[in-house]
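# give the three-dimensional model of this entry:
(one chain, ligands or ions: 1)
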Amino acid sequence: MKTRQEIKLMILAFATTYKENDSNNAKRLNEIADLIMPKIVDLVKDIREILKSTSDENRLEIFGNIMNGYCKHCGCDNSKYAMGCQCWNDD
Ligand SMILES: [Zn+2]
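Predicted coordinates for the structure are as follows:
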């Protein structure tokens, strides 16, 4: 099991030696993803546990922060639209 610091160094090494069209990019990214994914799963579990003991108002605030910049109806990137996504608008 790699430590947080070792994973950070792998990401830093990837970022500093990245070359476009390098055939090793996908392999290196997959190695990093395999190390990070279990930590993300644990993080989501922790967040869901925290949400259980949070007020409805605070949950809405948390979800609002997570969804900031994305349409809360369809999930698209709102920055693509001057007035935000209009997917909900039947007119
Ligand atoms: Zn939308």
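
# for the helix or strand harbouring Asp34, packing partners?
Using DSSP states H and E, Asp34 maps to helix 25-52. Judged by 3 or more Cβ pairs under 8 Å, 6 or more residues apart in numbering; DSSP states H and E, the packing partners of helix 25-52 are helix 4-17. For every residue, glycine as well, the C-beta is placed using N, CA and C.

# and the helix holding Asp34, how far out from the chain's middle?
9 Å (Cα atoms, centre = their mean, to the nearest Å).

# relative to helix 4-17, how tilted is that helix?
For helix 25-52 against helix 4-17, the angle by axes from the mean of the first three to the mean of the last three Cα atoms, to 10 degrees is 140 degrees.

# kindly export the helix or strand that helix 25-52 is followed by (C-alpha atoms) in CSV.
Downstream of helix 25-52, the next assigned helix or strand under DSSP H and E is helix 56-67. Coordinates of each C-alpha in helix 56-67 appear next as CSV, following Å, rounded to 0.1, in the frame of the first residue of the first chain:
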residue,chain,number,x,y,z
ASP,A,56,-31.0,19.1,5.8
GLU,A,57,-29.9,22.8,5.2
ASN,A,58,-26.2,21.8,5.5
ARG,A,59,-26.7,18.9,3.1
LEU,A,60,-28.2,21.2,0.5
GLU,A,61,-25.2,23.5,1.0
ILE,A,62,-22.8,20.6,0.5
PHE,A,63,-24.6,19.3,-2.6
GLY,A,64,-24.8,22.9,-3.9
ASN,A,65,-21.0,23.3,-3.6
ILE,A,66,-20.4,19.9,-5.3
MET,A,67,-22.8,20.8,-8.1
